[in-house]
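> next input, structure requested:
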Amino acid sequence: MAITVGLALLALALAALIGAWRLRARSGLPWAPVVYRDTDAQSPGRPLVARRLGLVGKPDYLIETRGRLIPVEVKPGRNALRPYESDLMQLAAYCLLIEETTGVAPPYGLLRYADRTFRLSYTARVREETLALIDEMRAALDNECDRSHDDPARCRGCGFFTVCDQALRDA
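Model prediction:
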């Protein structure tokens, strides 16, 4: 009787292990230790801060593989055949933050959509494009930008809603 129960428990544990392996394989993410996460509402991750660049950000995850930190950004509501340019630039900014805060550039970053994972190689060109985009965004903040939409919900969700003189307040 004890042998039968033991075999049943062993079979159950094996089935759970196989299920976990399959789930991990479907995630599209490498099997690597997670060293940082910003997905837990009770204990969110601390932001990465690059004071020299005036850049702050919180990737969803940082995994460690071969001694290097890899940023992972998860967009579970997105379902696209190609990654959005804005998502790639966000991921590139996380790569830049890792490079600035640790002194070691990640070789790539991972962008996870609902059913696929994209890999962004963090090259010198990507780094320069990201720095140029940051400069462009700063210049736009220094100048007055006109509202570019008529969507009240989008307007209310904007970080500048309370100080914007073009906000759609009555909608």
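> which helix of this structure spans the most residues?
In the chain, ranked by residue count with DSSP state H as the criterion, the top helix is helix 2-27.
> quick one: mean pLDDT over that one.
Mean pLDDT, computed over helix 2-27, is 74.
> which strands or helices does the helix or strand just after that helix pack on?
Using DSSP states H and E, the helix or strand that follows helix 2-27 towards the C-terminus is strand 34-37. With contacts taken as 3 or more Cβ pairs under 8 Å, 6 or more residues apart in numbering; DSSP states H and E, strand 34-37 sits against strand 61-65. In this view, the C-beta of every residue, glycine as well, is placed from N, C-alpha and C.
> in the strand it packs on, what counts as buried?
61, 62, 63 (16 or more other Cβ atoms under 10 Å).
> you'd agree the first one is up against residue 72?
Read that as residue 61. Yes: Residue 61 is within contact range of residue 72, at 4.0 Å (criterion: Cβ atoms under 8 Å).
> for residue 70, give me its contacts.
30, 32, 62, 63, 64, 106, 107, 108, 109, 110 (Cβ atoms under 8 Å, 6 or more residues apart in numbering).
> that one belongs to a strand?
Yes: the assignment for residue 70 (DSSP: H, G, I helix; E, B strand; the rest coil) places it in a strand.
> how close does it sit to residue 3?
According to Cβ to Cβ, to the nearest Å, residue 70 stands 45 Å off from residue 3.
> could you do residue 77 as well?
49 Å.
> tell me where the protein is predicted with low confidence.
Counting by pLDDT under 70, the chain contains low-confidence residues at 21, 23-28, 43, 144-145, 147, 159, 170-171.
> can we see that at 80?
Low-confidence segments of the chain (pLDDT under 80): 1-2, 5-11, 13, 17-31, 33, 39-45, 140-150, 156-165, 169-171.
> am I right that residue 74 sits in a strand?
Yes: under three-state DSSP, residue 74 sits within a strand.
> report the central residue of this structure.
residue 73 (1.9 Å; Cα atoms, centre = their mean).
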